[in-house]
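A.B. asks: next come a sequence and a model predicted from it.
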Amino acid sequence: MDFHSLMGQASSMILGKRNDDSTSDRLNYRYTVGILVVFAIINMNRLYTDQIKCWVPAFFTPNYDEYVRSVCFVQNTYYVEHTDKTPQSLTVKRESEILYYQWVPFILLVKAFLFYIPRISWNTFGLKSGIQVSDLVESSFDYKLPTTDATHRQMCLDYIVDSIDQYCGDHRRQSEAHTHLNIIQRILITGWCITGKYLGNYLVVLYMTTKLMYIGVSLFQILLLSIMLGSNFAFYGIQVLDRFFRGIHWNTESRLFPKTTLCDFTIREFGHPKRSHDYTVPCVLPHNLFNQQMFTFLYFWYAIVISLNICDFFLWLYVITPQYRLNFIHKRLHSKKYPLTNEMNDQSKILAFTNDYLEADGFFILSLIKENSSDYVAAEIVHRLYTEKFLKRYPNKTTTTTKIIYDDDYTKKDNDSKRSHLCSLIC
């Protein structure tokens, strides 16, 4: 085995090859989780090798010095600006405490786990759909590779087509199987995707729910940081940019990431339990310099992730609309590779193939294959599903759920068709 093969296997093990989702999803559970874990490891090393450093009176012995460092590291220190006097009130000191610096590595690991929860949900409930989407995407990826031999490529394509046909052709998913349900029953079981596996939109509802989870988790990360730092972290990046454009140097004495703090401790005299000496010493938090840079990077990274999550959610809402689905199928059936026949130009059959056979889930699988492999592979699968599976099984089938008035660009529709399209998406 040569070096390139080894590197390819290592890349597949680390990054994964089964991308049964979109790029924005992988930005959450793969790259963001990796960044947080790396930061946690670095911070853990810095925290316990470059601990807090405190100035102590000259008469303290080295043992006292070590004791002060340990006590001030374990308990919380508090921040007071150099121009202010040291507060005497315990309440004021508590309000100025720095609560997070001992727990930063563990908080980063918790944040990484939160970003992975939507992926766990997608994998867990996706298995209940009856089809392994990741295997289909991987097979389409193998089919696209130029190094794959012709026999294996044909096996991959046959596996994809047969699997999608078995999933979409299940009699429990056909429109006749749930015509007895009223609109309220359909809305209820559609909203709870676990009970709506045979309505043809189980994967779509689950995936859009996962998208909402990614948005919620990424927004919750900002709230979590605000609670941890004791300040509104949502506007921290705006303040950084404001200082940058005004030419102000890096803020070394901030309330969020103070480099120098104060620490209170008490030393009791042995043999005299009622006698004790209270001390207040200044301490330096050297790892807060790294924390400030790290959380500044995380702020802008979260801003990118949140923006992409929201944009990708609305993009997928548009992609799964009935009109987009119909245009997607029609364009791939009428590609230059395939000759135009009567069946390929029968609009009622194409409509039945899109809305009654594929439905939302079948189209969703094709969209993931297109995004993670290529449009050529998706067109090949659509053509074979239509000609070899749908037309042979339903030679005279036309749609019973949608009526559309077409023109050359498929843009003119009456009001009844619009309502039917919306109903086919929801129900």
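C.D. replies: Nice, thanks for sending it over. Source: prediction; values computed, not measured.
A.B. asks: just the strands from this structure, written as ranges.
C.D. replies: Ranges of strands within the chain are 53-54, 77-78, 97-98, 260-269, 272-284, based on DSSP state E.
A.B. asks: so for residue 335, which of those sits nearest?
C.D. replies: strand 97-98 (62.7 Å; C-beta to C-beta). No exception for glycine: its C-beta is placed from N, CA and C like everyone else's.
A.B. asks: follow-up on the earlier one: now, of the strands of the chain, which is deepest in the fold?
C.D. replies: strand 77-78 (a mean of 22; mean count of other C-beta atoms under 10 Å).
A.B. asks: okay, now the domains of the protein?
C.D. replies: 12-130+218-313, 134-196+321-399 (the TED database).
A.B. asks: what pLDDT, on average, does the first one get?
C.D. replies: When you say that, I think you mean domain 12-130+218-313. Domain 12-130+218-313 comes out with an average pLDDT of 82.
A.B. asks: could you check how far it is from the centre of its chain?
C.D. replies: 23 Å (C-alpha atoms, centre = their mean, to the nearest Å).
A.B. asks: could you dump the strands of the chain to JSON lines with distance to residue 301?
C.D. replies: Output for the strands of the chain, formatted as JSON lines (distance: least, C-beta to C-beta, whole Å):
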{"stretch": "strand 53-54", "distance to residue 301": "30"}
{"stretch": "strand 77-78", "distance to residue 301": "28"}
{"stretch": "strand 97-98", "distance to residue 301": "24"}
{"stretch": "strand 260-269", "distance to residue 301": "27"}
{"stretch": "strand 272-284", "distance to residue 301": "28"}
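A.B. asks: which one of those lies closest to residue 204?
C.D. replies: strand 97-98 (46.6 Å).
A.B. asks: which elements pack onto the closest one?
C.D. replies: Counting contacts by 3 or more C-beta pairs under 8 Å, 6 or more residues apart in numbering; DSSP states H and E, strand 97-98 packs against strand 77-78.
A.B. asks: which residues touch the strand it packs on?
C.D. replies: With contact meaning C-beta atoms under 8 Å, 6 or more residues apart in numbering, strand 77-78 is reached by 52, 93-94, 96-98, 261-263, 283, 285.
A.B. asks: now with 7 Å, please.
C.D. replies: The contact list for strand 77-78 (C-beta atoms under 7 Å, 6 or more residues apart in numbering) reads 93, 96-98, 261-263, 283.
A.B. asks: any idea how far residue 322 is from residue 328?
C.D. replies: In this view, residue 322 and residue 328 are 11 Å apart by C-beta to C-beta, to the nearest Å.
A.B. asks: could you list the buried residues of the longest helix seen in the chain?
C.D. replies: Longest helix in the chain by number of residues (criterion: DSSP state H): helix 287-319. Residues of helix 287-319 classed as buried by neighbour count (16 or more other C-beta atoms under 10 Å): 287-288, 290-292, 294-296, 298-299, 301-302, 305-306, 308-310, 312-313, 316.
A.B. asks: equivalent analysis for stretch 362-381, please.
C.D. replies: 362-373, 377-381.
A.B. asks: what are the phi and psi angles of residue 99?
C.D. replies: Main-chain dihedrals, residue 99, degrees, to the nearest 10: phi -100, psi -10.
A.B. asks: ok, and the closest non-adjacent residue to it?
C.D. replies: Using C-beta to C-beta, 6 or more residues apart in numbering and skipping the chain neighbours, the partner closest in space to residue 99 is residue 76 (5.6 Å).
A.B. asks: so how many other residues sit close to the residue lying closest to residue 165 once chain neighbours are set aside?
C.D. replies: Leaving aside its sequence neighbours, residue 165 sits nearest to residue 389 (C-beta to C-beta, 6+ apart; 4.4 Å). By other C-beta atoms under 10 Å, the residues close to residue 389 number 19.
A.B. asks: tell me the contacts of residue 136?
C.D. replies: So residue 136 contacts 160, 163, 365, 369 (C-beta under 7 Å, 6+ apart).
A.B. asks: also residue 292?
C.D. replies: Residues near residue 292 by C-beta under 7 Å, 6+ apart: residue 257.
A.B. asks: change the start of the numbering to 725 and stick with it
C.D. replies: I'll keep to 725 as the first residue from here, and by that count the last item is residue 1016.
A.B. asks: shouldn't residue 1001 be in contact with residue 988?
C.D. replies: No - with contact defined as C-beta atoms under 7 Å, residue 1001 does not count as touching residue 988 (11.6 Å).
A.B. asks: good, we can wrap up now.
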